[in-house]
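Participant: Fold the stuff below for me.
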Amino acid sequence: MRYFLALYRGFFGILTLAAVAVQCAQGLQQDNFQLSNFFSFFTIESNILAAIILMISAYGAWAQKRNATFALIRGAAVLYMVTTGIVYALLLSGLEVSLQTTIPWVNTVLHYLMPIVLLVDWLIDPPARRILFKQAAVWLVFPILYLIYSLIRGAITGWYPYPFLNPHNGGYGKVTVVSVVIAAAVMGLTWLIARMTRLRRTA
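Facilitator: This next block holds a predicted model:
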C-alpha cells in the first residue's frame, strides 16, 4: 500500500506542477500576460500547495513517516482543492480565458482532477490522529487572507481574479454576499474534512 501511495502522490504532484508550468509558459508568450496576476489565482496557489504536499506525502509514505503537524497542513490542501473544484463547477465553468487556464488538459487537471485526487488521498490514507474542528479552523486563515489580498490588490490595479470578487459586477454588496456564502460553505467543508478523520478511525 505504501508503494502505491508514494507513486500515486508523486505522479499527481509532478503532473500538477507540469500543468501550472505549461500554462504559465504559454501565458508568457502573450503580450498582455502578467505573472503577478497568474499567481494571484486561488486555483494556481491551491494547486501548487497540493502538488508540494503530495510530493512530501509521497516520501512520507515510502519512508513510513507520519507527522501530526504535516497532517494538519495536508488537510488544508484538501480543503483548498475541494473548494477550488466546487467553486469552479458552480460559478466559473466556461470562463477559462479569464481564468488563464486555456489549455484544455491543464484546465482539466487543475479544476477537475486534482480536487478528486486530494480527496481520495485523504480518504484512503487518513491522518493517524483525529483532527478536531477547532484544530481544522486554522485552515480558514488562508482563504480569509486571500480574500483581503484580492480586494485590496484589485482596488489598486483594477484587476480581480474572479468575477464574483469584482465590485464592478454589482458592487461591494454583491461581493460581500457571495463571499459570505462561500465562507459558510468552506466552513462546512472544513468540518466535513476534519470529521472524515474520526469516521475512518472508528470504522
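
Participant: Now the one helix or strand Met114 maps to: buried residues?
Facilitator: Using DSSP states H and E, Met114 sits within helix 114-124. Neighbour counts using 16 or more other C-beta atoms under 10 Å place 114-115, 117-119, 121-122 of helix 114-124 among the buried residues. Yep, even glycine has a C-beta here, placed from its N, CA and C like the rest.

Participant: ditto for stretch 19-39
Facilitator: 19-20, 23-24, 27, 37-38.

Participant: where along this protein do the helices fall?
Facilitator: For the chain, applying DSSP state H gives helices covering 2-28, 35-38, 42-63, 68-87, 96-99, 104-107, 114-124, 133-136, 141-157, 171-202.

Participant: Point out where the protein drops to low pLDDT.
Facilitator: Residue ranges of the chain with pLDDT under 70: 199-203.

Participant: roughly how far apart are His111 and Ile182?
Facilitator: 16 Å (C-beta to C-beta, to the nearest Å).

Participant: Which one's more surrounded, the two?
Facilitator: The neighbour count for His111 versus Ile182, taken as other C-beta atoms under 10 Å, is higher for His111 (22 against 19).

Participant: now the more buried one, nearest residue through space, not along the chain?
Facilitator: Among residues not flanking His111 along the chain, Tyr88 sits closest, at 4.4 Å (C-beta to C-beta, 6 or more residues apart in numbering).

Participant: these two touch, right, that neighbour and Phe42?
Facilitator: No. If you go by C-beta atoms under 8 Å, Tyr88 and Phe42 don't touch, sitting 9.8 Å apart.

Participant: So for the two, which residue has more residues nearby?
Facilitator: Legend: neighbour count by other C-beta under 10 Å for Tyr88 and Phe42, higher for Tyr88 (23 against 20).

Participant: do you know how far the more buried one is from Gly94?
Facilitator: In terms of C-beta to C-beta, Tyr88 sits 10 Å off from Gly94.

Participant: Any chance of the buried residues of helix 114-124 in JSON lines with distance to Ala155 as columns?
Facilitator: Listed next are these as JSON lines, based on distance: C-beta to C-beta, whole Å:
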{"residue": "Met114", "distance to Ala155": "30"}
{"residue": "Pro115", "distance to Ala155": "30"}
{"residue": "Val117", "distance to Ala155": "35"}
{"residue": "Leu118", "distance to Ala155": "32"}
{"residue": "Leu119", "distance to Ala155": "34"}
{"residue": "Asp121", "distance to Ala155": "37"}
{"residue": "Trp122", "distance to Ala155": "36"}
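
Participant: For these, work out which two are farthest apart.
Facilitator: Spanning the widest gap among the buried residues of helix 114-124 are Met114 and Trp122, at 12.5 Å by C-beta to C-beta.
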